[in-house]
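Enquirer: model the following, please.
(one chain, ligands or ions: 1)
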Amino acid sequence: MNRDTSKSLFDRAKQVIPGGVNSPVRAFRAVGGNPLFMQRAKGAYLFDEDGNRFIDMINSWGPMILGHANEVVEEAVKKALEGSPSFGAPTRREVEMAELVCSLVPSIEQVRMVNSGTEATMAAIRVARGYTGRDKIIKMEGCYHGHADSFLIAAGSGAMTFGVPDSPGVTKGVANDTLTAPFNNLAAVEKILDENKDNVAALILEPVVGNMGCVLPNENYLQGLRKLCTQHGVVLIFDEVMTGFRLSIGGAQQLFGVEPDMTTLGKIVGGGLPVGAYGGRKEIMNCVSPAGPVYQAGTLSGNPLAMAAGKALLTYLKENPSVYININQAGTSLAEGLRAQIKEFGIKASVNQIGSMFTLFFTDEHVADYDSAKKADTTVFGIYFQHMLEQGVYMAPSQFEAMFISNCIDKNITGDILSASYNALKSISK
Ligand code: PMP
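Expert: Predicted structure coming up:
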């Protein structure tokens with residue numbers, strides 16, 4: 001496979017962009033080799049600068065749930081562009097978008113649009129602190145909530161991949177206000193809450209984790225957290241940046257029947273444009289300026305192009321529930337296929353899957369938290385990744401990420417992915 005153009009672009013990029021990329025995991029450091037520079041994409045396929053074609057298993061880390069360059073979203077953005085890309089004043093689309101989000105996500109009564117998942121989580125904890133008058137937050141080890149200071153403690157995703165879960169540059173003061181607990185461990189949360197009575201403003205987690213690889217909540221874990229937060233007057237925040245509008249139209253909270261006090265959204269909510277959102281109970285959201293005293297603002301928040309893309313995508317998903325049937329079936333077929341291959345070749349690996357999210361972990365231990373995820377063999381993952389890439393399957397370039405399936409991944413493409421995986425695992429087993 002020719003990668004010359006990508007290589008020369010990467011060489012140029014390294015001169016003018018730190019590490020040659022605008023987001024760390026893209027650099028392929030965890031899997032070796034040069035990153036591929038993408039030129040265009042359509043449906044299930046990515047095309048790089050050297051003209052290679054790949055089945056896309058990342059889908060922009062989630063947003064492209066209908067596949068790439070979907071006409072519904074494209075037309076909406078084109079139409080919005082005929083107005084102006086930005087006004088910095090309220091627009092009809094923002095009202096319609098907020099109404100749509102509130103109608104779809106069970107626990108959201110009011111919502112504020114921002115420009116990224118990071119902004120959404122950062123604002124959500126500020127609001128929770130303002131609402132409760134408390135300082136500390138609890139996060140789960142291995143969960144990633146964007147790159148705001150408070151969350152770069154025991155962080156997942158790229159921070160976990162690069163071995164910097166506690167980033168330099170975060171002050172001791174901020175770090176002291178972030179308490180951490182292992183995922184899927186209710187007793188640990190209970191202990192922290194008992195030891196920090198009336199000091200904890202919020203507990204934030206990914207209800208299904210994507211950022212240490214895909215990790216599912218144990219039975220009654222989310223219900224247990226809901227109960228503990230209510231008992232202790234703590235704002236429960238579900239970070240549904242990945243799971244929102246993906247695990248169901250109402251996100252993980254709808255799927256598991258647990259209502260958080262606040263929810264953060266990103267990715268699908270923007271249809272591939274830079275959007276995040278945070279929302280929740282009216283009583284809490286009424287703290288946000290100008291309704292209340294907690295300040296949060298944005299020049300491009302509610303941007304017309306972004307709202308047009310998000311509204312078109314959410315409306316399509318609402319009107320076409322078959323999307324969820326399709327992507328969930330593809331997820332199950334892939335997981336079952338991979339498990340059969342692991343068994344056939346006697347590979348030490350396991351698959352976590354829920355709906356259209358999954359991770360193949362190179363450990364035979366069940367992955368339920370950060371410690372068990374860390375047991376995965378990242379060297380073997382790197383070899384598997386390169387085998388898949390050579391055969392035209394573009395996976396997340398780190399063991400500690402989830403794959404996201406789009407509605408364009410049909411039975412034939414599922415077959416192509418599984419046959420590439422068969423070859424990859426076969427050569428690993430030798
Ligand atoms: N929360 C979660 C659960 C995420 O997965 C991410 C990004 N992958 C973020 C927050 C941050 O979002 P963004 O990259 O848009 O800032």
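
Enquirer: how about the closest residue to the ligand within the stretch 101-250 of the chain, what does it touch?
Expert: Sorted by distance to the ligand under Cβ to the nearest ligand atom, the residues of the stretch 101-250 of the chain start with G117, at 2.2 Å. All C-beta atoms are positioned from the backbone trio N, CA, C, and that covers glycine. Contacts for G117 (Cβ atoms under 8 Å, 6 or more residues apart in numbering) come out as 145-146, 239, 241, 264-267, 276.

Enquirer: again with A368
Expert: Taking Cβ under 8 Å, 6+ apart, we find A368 in contact with 183-184, 215-216, 218.

Enquirer: hmm, 6 Å instead?
Expert: N184 (Cβ atoms under 6 Å, 6 or more residues apart in numbering).

Enquirer: so the nearest residue to I284 once chain neighbours are set aside: helix, strand or coil?
Expert: Computed as Cβ to Cβ, 6 or more residues apart in numbering, the closest residue to I284 that is not its neighbour in sequence is Y131, at 5.1 Å. Look at Y131: counting by DSSP: H, G, I helix; E, B strand; the rest coil, its state is helix.

Enquirer: can you give me the neighbour number for Y131?
Expert: Neighbours of Y131 under the rule other Cβ atoms under 10 Å: 23.

Enquirer: how much space separates V72 from the ligand?
Expert: 22 Å (Cβ to the nearest ligand atom, to the nearest Å).

Enquirer: who are the contact partners of that residue?
Expert: V72 makes contact with 312, 316, according to Cβ under 6 Å, 6+ apart.

Enquirer: so how far is the ligand from the closest residue to the residue of the stretch 101-250 of the chain closest to the ligand other than its chain neighbours?
Expert: Leaving aside its chain neighbours, G117 sits nearest to G266 (3.1 Å; criterion: Cβ to Cβ, 6+ apart). Noted for G266: a distance of 4 Å to the ligand, by Cβ to the nearest ligand atom.

Enquirer: doesn't P274 make contact with G266?
Expert: No. The criterion here is Cβ atoms under 6 Å, and G266 misses it with P274 at 9.0 Å.

Enquirer: who's more crowded, these two?
Expert: Each of G266 and P274 has its neighbours counted (other Cβ under 10 Å); G266 has more, 28 against 17.

Enquirer: check contacts around the more buried one.
Expert: When contacts are counted by Cβ under 6 Å, 6+ apart, G266 is found next to 117, 120, 241, 276.

Enquirer: okay, it: pLDDT?
Expert: At G266, the pLDDT value in this model is 98.

Enquirer: buried stuff in stretch 320-330?
Expert: Neighbour-count burial for stretch 320-330 flags 323-324, 326-330 (criterion: 16 or more other Cβ atoms under 10 Å).

Enquirer: same question for stretch 377-384.
Expert: Neighbour counts using 16+ other Cβ under 10 Å place 380-384 of stretch 377-384 among the buried residues.

Enquirer: can you list the domain ranges for this protein.
Expert: 4-69+321-429, 71-319 (automatic domain parsing).

Enquirer: please name every helix or strand in contact with the helix ranked longest in the chain.
Expert: Using DSSP state H, we find that the single longest helix of the chain is helix 322-345. Under the contact criterion of 3 or more Cβ pairs under 6 Å, 6 or more residues apart in numbering; DSSP states H and E, helix 322-345 touches strand 350-354, strand 357-361, helix 411-429.

Enquirer: the ligand: which of those is closest?
Expert: strand 357-361 (10.8 Å).

Enquirer: chain center to the longest helix of the chain, what's the gap?
Expert: Here helix 322-345 is found 20 Å from its chain centre; the criterion is Cα atoms, centre = their mean, to the nearest Å.

Enquirer: specify the angle between it and strand 357-361 in degrees.
Expert: 10 degrees (axes from the mean of the first three to the mean of the last three Cα atoms, to 10 degrees).

Enquirer: helix 322-345 to helix 411-429, inter-axis angle?
Expert: 30 degrees.

Enquirer: name the residues that touch helix 322-345?
Expert: By Cβ under 6 Å, 6+ apart, the residues outside helix 322-345 that reach it are 317, 349, 351, 353, 355-356, 358, 360, 405, 407, 409, 414, 418, 422, 425, 429.

Enquirer: average pLDDT across it?
Expert: Helix 322-345 comes out at a mean pLDDT of 98.

Enquirer: now do that helix against strand 350-354, angle only.
Expert: Using the same axes, to 10 degrees, helix 322-345 lies at 170 degrees relative to strand 350-354.

Enquirer: quick one on the thing from earlier: out of the domains of the chain, which one sits most buried?
Expert: The highest average neighbour count among the domains of the chain, using mean count of other Cβ atoms under 10 Å, belongs to domain 71-319 at a mean of 20.

Enquirer: can you give me the end-to-end span of it?
Expert: Terminal residues of domain 71-319 lie 15 Å apart, using Cα to Cα, to the nearest Å.

Enquirer: closest to the ligand among the buried residues of stretch 320-330?
Expert: The closest of those, once distances to the ligand are taken by Cβ to the nearest ligand atom, is I327, at 17.7 Å.

Enquirer: thought the residue nearest to I284 was touching V288?
Expert: No. Y131 is not in contact with V288 according to Cβ under 6 Å; the separation is 9.6 Å.

Enquirer: for the residue nearest the centre of the chain, which non-adjacent residue is closest in space?
Expert: Closest to where the C-alpha atoms of the chain average out (Cα atoms, centre = their mean) is M242, at 3.1 Å. Distance criterion Cβ to Cβ, 6+ apart; nearest residue to M242, sequence neighbours excluded, is G210 at 4.1 Å.

Enquirer: likewise I409?
Expert: Among residues not flanking I409 along the chain, A330 sits closest, at 4.9 Å (Cβ to Cβ, 6+ apart).

Enquirer: the worst-scoring helix or strand of the chain on mean pLDDT near the ligand at all?
Expert: Using mean pLDDT, DSSP states H and E, helix 158-161 stands out as the lowest-scoring helix or strand of the chain, at a mean of 85. No. Against the ligand, helix 158-161 shows no contacts by Cβ under 6 Å from any ligand atom, the least distance being 8.8 Å.

Enquirer: give me the phi and psi for N211.
Expert: Dihedral pair for N211: phi -100, psi 10, per degrees, to the nearest 10.

Enquirer: hang on, it packs against A155?
Expert: No. When contacts are counted by Cβ under 6 Å, N211 is not listed as touching A155 (7.9 Å).

Enquirer: find residues that contact each of the two.
Expert: Residues touching both N211 and A155 (Cβ under 6 Å, 6+ apart) are Y144.

Enquirer: where does the stretch 1-150 of the chain have low pLDDT?
Expert: Within the stretch 1-150 of the chain, no range satisfies pLDDT under 70.

Enquirer: which parts of it are strands?
Expert: For the stretch 1-150 of the chain, strands defined by DSSP state E, counting those that start in this stretch occupy the ranges 38-42, 45-48, 53-56, 110-114, 136-140.
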